[in-house]
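give me a 3D structure for the following:
(chains A and B)
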Amino acid sequence: MADLLDVRDLSSGYGHIKVLYGVSFALPMAGVSAIIGPNGHGKTTLLRTLSGLNRSWGGKIMFNGTPVPAAAEARARAGLVHVPQGDQLFMEMTVEENLLMGAYSRPARDDLQAGLASVFDLFPRLAERRRQRVSSLSGGERRMVGIGRGMMAAGKLLMIDEPSLGLAPIVIEQVYEALTRLAATGAAILVVEENPSRVERVAERFFLMDGGRFAWTGDAAALRSSSDIVSAYLGN
Amino acid sequence: MDAILQIIISGLTLGALYALGAVGLALTYGTMRMFNMAHGVFMALGAYGAYYVAEVLGMPLVLALLAGILTGGIVGALLHVLVVRFMLGNKNFEINILVATAGVGILLQDVLLKTFGGFPFRQPVQVSGAVDLLGTRVPWQSLLILVVAFVLIGAMALVLTRTRFGMAIRATAMNRDAARLMGVNTVNTYLQVLIIAGILAGAAGVMISSMATLSPEMGTNPAIRAFVICVVAGLGSVGGAGITAFALGLIEAAIQYYIGARFGLPILLALVVVVLVRRPAGLFGREEVVRS
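Take a look at the predicted model:
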C-alpha cells in the first residue's frame, strides 16, 4: 500500500535562519505516529511546513500519492489537517461555530451532525459548552475545541502540535485518552510532543527530531529498548 | 416634544449616513488590518455613478441608486485586484496599504475632477417632499436614507453571521492562519470584504450627495467621520461601529439644535477625545488578551 505522506529532503526556516535540514520520512495510511524531541529543534516548523503555513525551501511532500499544492488552504482541502500549537481558535465564535468552521473544506451538502456527534462523544464537555464563546473556555476546553475542529475536517491525516502544552496533568490525561479513542477508529494521526512519555502508549512509531533532522526513528518497542538514546537527547 | 422628535429623526438620518460609511471601513480593518484611505473617494464614485446613470443616461432613479451602489462594489474589487493583492504578504502591510490607498484615493479623485469637473452637481437620485409623522414633517429623503442603511447593513450582518461565506470572513478576521488551515482562501475573502465595503461606501456616497451636492472631494469629510467612528468604537469592531455611528448622529443632531449647527463637529470631536482618554481601546474594542 502506498504511503499517505511521503516527505523527501524537506528544508525550511524563518527569514535567513534555516530550521529544517533535509527531513525525510513516510507515514502509512493509518495509525498514530509521534515526532518527539527537545523544544526549538524544528518540530513545530515541520508541521507548519507540511501544512503550508511556512514556505518550504526545498524537498518534496507527497500526500496521498500526489505532490501537495502550494497554498495552505488547498492542502487543508486535500485532507491534510493541522491542529496548530496554542489552538489558534476563532475566539469570538462559539464552540459550535468553531467546530463548523473545521468542516469548512467539506462539500456544503455534507451532513455535519455526525461529525459534531463524534466530537461531543469524545469531548462531552464541549456539548455542554456548545453555545458558549470560545474566549470564555478554560485552556483544556480550548484544546478540546482545537482537536475537535481538526476532526470536523474529516481529513486523511490529522497533525496535532503539542496537545499537552500548558495543560494540567489531569487535563493532559483526558486529552490523551480522547486521542487514544480517536486512534482506535483507525484514523491517521501525527502528534508532536516534547516528551515521549505521554505519547508512548498511543503512538506506534516515533521520530526523534534534533537540530532540524531526525536523529532516531523506531517503533514503540525500539523506543523502550533504546531509552538511553532518547534520554540523551531529552536529558532525562 | 416636537423638537425632540425632530432631533431624533435628523439624528437617525445622520447616524444612518455615518453607519453606511463607517461599517465598511470597520469591516475592512477588522478583517485585513487595512485602513482604506480611498474610502471617501469610493463614496464620491458611488455618488457620481448614480448621477451619471440618472442624469446622463436618463435611467430611472431606482436603477441609478443601484448603479451607484454597484460602482462602489466594482471599485472595491478593482482595488483588491490591482493593488491590495500584491501587498498582502508584505511585512509592513498595515502602513504600506495606508500609503498605497491614499495614493489611489488622490488618483481617483483627480479622475473624477477631470471627467466631471469641479462644479457641484445636484444629485438627481433623491425623493422630494415630506410626510407627516406623529405631528412632525419628515422628509421622504430621510426615510429613504434610513431604509437603504437598514437594508444594506442588515443584509451584511445576516451574511456575516448566518452564511458559510460570512463565517469564513469572520474566521479570517479572528485568525487568518487558522482560517487558512480550515481551507479558507483568505485572499478571496479579502476581495469579498472590499466589495462589501465598496457597496456600503457607494450607497453612503449616493445618500450623502442627496443631502448636499456632488463634488470630487465630497467624500473627504464623511470619510474622516467614518475613521473617527471606527476609532471610537474600537478598531475593527463592526457592530460597534454601527452603534457608535447612530449614537454620534443623535448627539450631533442634538448639539446642532440646542447649541448651533457649527458646533456639531467640534463638540463631537471633543467628546471623542474624552472617550479615547478614558478607553484607549475604544467603546467596543477589547484589550488584547493573550492566553496559552
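
and the residue of the stretch 151-292 of chain B nearest chain A?
Nearest residue of the stretch 151-292 of chain B to chain A (C-beta to the nearest C-beta) works out as B:Gly183 at 3.0 Å. The C-beta positions use only the backbone N, C-alpha and C, and glycine is treated the same way.

how about A:Arg131: what's its closest non-neighbour residue?
Leaving aside its chain neighbours, A:Arg131 sits nearest to A:Thr94 (5.4 Å; criterion: C-beta to C-beta, 6 or more residues apart in numbering or on different chains).

actually B:Ala77, not the one I typed
Nearest non-adjacent residue to B:Ala77 (C-beta to C-beta, 6+ apart): B:Ile195, at 5.1 Å.

which strands or helices does the strand or helix carrying that neighbour pack on?
Assignment of secondary structure by DSSP states H and E places B:Ile195 within helix B:186-211. Here helix B:186-211 touches helix B:2-32, helix B:39-51, helix B:61-79, helix B:85-87, helix B:140-162, helix B:164-174, helix B:176-181, going by 3 or more C-beta pairs under 8 Å, 6 or more residues apart in numbering or on different chains; DSSP states H and E.

using CSV, list the CA coordinates for the second one.
When you say that, I think you mean helix B:39-51. Extracted in CSV, the C-alpha atoms of helix B:39-51 (Å, rounded to 0.1, in the frame of the first residue of the first chain):
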residue,chain,number,x,y,z
HIS,B,39,-12.8,55.1,1.3
GLY,B,40,-14.0,58.6,0.9
VAL,B,41,-13.4,58.6,-2.8
PHE,B,42,-15.3,55.3,-3.0
MET,B,43,-18.3,57.3,-1.7
ALA,B,44,-17.8,60.0,-4.3
LEU,B,45,-17.5,57.4,-7.1
GLY,B,46,-20.8,55.9,-6.0
ALA,B,47,-22.4,59.3,-6.0
TYR,B,48,-21.1,60.1,-9.5
GLY,B,49,-22.1,56.6,-10.7
ALA,B,50,-25.7,57.2,-9.6
TYR,B,51,-25.6,60.8,-11.1
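
output the set of residues of chain A in proximity to chain B.
A:51-53, A:71-74, A:76-77, A:81-82, A:84, A:86, A:88-93, A:97, A:100-102, A:104-105, A:108, A:135, A:139, A:149, A:153, A:165-166 (C-beta under 8 Å from any C-beta of the partner chain).

that older thread, and the helix holding B:Ile195, which residues are buried?
By neighbour count with 16 or more other C-beta atoms under 10 Å in any protein chain shown, helix B:186-211 contains the buried residues B:186-187, B:189-210.

before we move on, what about stretch A:107-117?
So for stretch A:107-117, counting by 16+ other C-beta under 10 Å, buried means A:112, A:115-116.

got the domain boundaries for chain B?
With automatic domain parsing as the criterion, the domains of chain B are listed as B:39-214, B:219-286.

show me the one of these that comes nearest A:Ala232.
A:Ala232 lies closest to domain B:39-214 among the domains of chain B, at 34.5 Å (C-beta to C-beta).

just give me the lowest mean pLDDT stretch among the domains of chain B.
For these, mean pLDDT drops lowest on domain B:219-286, to a mean of 89.

how far off centre is that one?
Relative to its chain's centre, domain B:219-286 lies at 13 Å (C-alpha atoms, centre = their mean, to the nearest Å).

mind putting the domains of chain B in JSON lines, distance to A:Gln174 included?
As requested, the domains of chain B are exported to JSON lines (distance: least, C-beta to C-beta, whole Å):
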{"stretch": "domain B:39-214", "distance to A:Gln174": "23"}
{"stretch": "domain B:219-286", "distance to A:Gln174": "29"}
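
how about those domains, which one is nearest A:Leu47?
Minimum separation from A:Leu47 across the domains of chain B (C-beta to C-beta) falls at domain B:39-214, 10.5 Å.

quick check: end-to-end length of the closest one?
This stretch, domain B:39-214, spans 16 Å end to end (C-alpha to C-alpha, to the nearest Å).

and stretch A:28-43, by the same measure?
Rule used - C-alpha to C-alpha; the end-to-end distance of stretch A:28-43 is 19 Å.

now stretch B:107-124
Across stretch B:107-124, first to last residue, C-alpha to C-alpha, it's 25 Å.

what number of residues lie near B:Gly129?
If you count neighbours by other C-beta atoms under 10 Å in any protein chain shown, B:Gly129 ends up with 8.

any idea how far it lies from chain A?
Distance from B:Gly129 to chain A, counting by C-beta to the nearest C-beta, to the nearest Å: 44 Å.

please give me every residue in contact with the nearest residue to that residue once chain neighbours are set aside.
Nearest residue to B:Gly129 in three dimensions, chain neighbours excluded: B:Trp140, at 5.3 Å (C-beta to C-beta, 6+ apart). B:Trp140 sits next to B:127-131 when contact means C-beta atoms under 8 Å, 6 or more residues apart in numbering or on different chains.

before we move on, what about B:Gly11?
B:Gly11 makes contacts with B:246, B:249-254, as judged by C-beta under 8 Å, 6+ apart.

winner for burial among the helices and strands packed on helix B:186-211?
Across those, averaging neighbours per residue (mean count of other C-beta atoms under 10 Å in any protein chain shown) puts helix B:39-51 on top, at a mean of 30.

middle-most residue in chain A, spatially?
For chain A, A:Ile160 is the residue whose C-alpha lies nearest the centre (C-alpha atoms, centre = their mean; 1.7 Å).

what residues does the stretch 101-250 of chain B have near chain A?
Counting by C-beta under 8 Å from any C-beta, the stretch 101-250 of chain B comes close to chain A at B:164, B:167-168, B:170-171, B:174-175, B:177-186.

in chain A, which residue sits nearest chain B?
For chain A, C-beta to the nearest C-beta, closest residue to chain B: A:Ser105, 3.0 Å.

verify the stated contact: that residue with B:Gly183.
Yes. Using C-beta atoms under 8 Å, A:Ser105 is in contact with B:Gly183, at 3.0 Å.

need the overlap of contacts for the two.
Listed as contacting both A:Ser105 and B:Gly183 by C-beta under 8 Å, 6+ apart are A:73, A:76-77, A:153.

just those: which are in strands?
Secondary structure from DSSP state E places none of the shared contacts of A:Ser105 and B:Gly183 in strands.
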